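> Next input, structure requested:
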Amino acid sequence: KMMSELLIVAATICMEARGEPWAGKVMVAEVIANRARQAHSKPGKVCLVPRQFSCWRSNDTQTAVGWARKQRSWPDSLAIARNICQPGYKSTSPATHFFNPELANPAWAKEMQLVAIVGRHHFYAVNTKPKKSR
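Just a heads-up that it's a prediction; the model follows:
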């Protein structure tokens, strides 16, 4: 049985940001929404693209969503997911990437613009500033 888009998005928010404040969960959702818009896709589909969100390293969506639904942050994650899954949702942040610097130091971060630090996550967007010529 295919898992609903809403549940996949909520589980992604929950698994990626369960220990973060509301604003941190919202920022993870903004990343999902921005990636979906850029890819002309749906939020649930971009969550499951291989190697995009570390929480989906396993293909077992049933088990992952079941686990997420038992977490204390599930109600917040579900409410935020409902918002970004609405047709016509407009992001308030340009963020398309994030990571926890205590756990990772991705090479892509050097090429991107830091747009926010919320909780333990750093959020980035494509660097639109022109590079200085020599």
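> and residue 117, what helix or strand is that in?
Remark: residue 117 resides in strand 112-118, with elements defined by DSSP states H and E.
> any idea where the strands of the protein begin and end?
Ranges of strands within the chain are 97-99, 112-118, 121-126, based on DSSP state E.
> neighbours around residue 58, how many?
As a burial measure, the neighbour count of residue 58 was computed by other CB atoms under 10 Å and equals 8. For the C-beta atoms, the positions are set from N, CA and C on the backbone; glycine is no exception.
> Can you verify my assumption that it contacts residue 65?
No. The criterion here is CB atoms under 8 Å, and residue 58 misses it with residue 65 at 11.5 Å.
> picking that back up, what is the rounded mean pLDDT of the strand holding residue 117?
What strand 112-118 shows for mean pLDDT is 96.
> before we move on, what about stretch 9-20?
Along stretch 9-20, the predicted confidence averages to a pLDDT of 95.
> Can you give me the buried ones in it?
9-18, 20 (16 or more other CB atoms under 10 Å).
> For residue 14, give its distance to residue 110.
Shown here: residue 14 relative to residue 110, a distance of 29 Å by CB to CB, to the nearest Å.
> no no, residue 65
34 Å.
> now do residue 62
Taking CB to CB as the measure, residue 62 falls 37 Å from residue 110.
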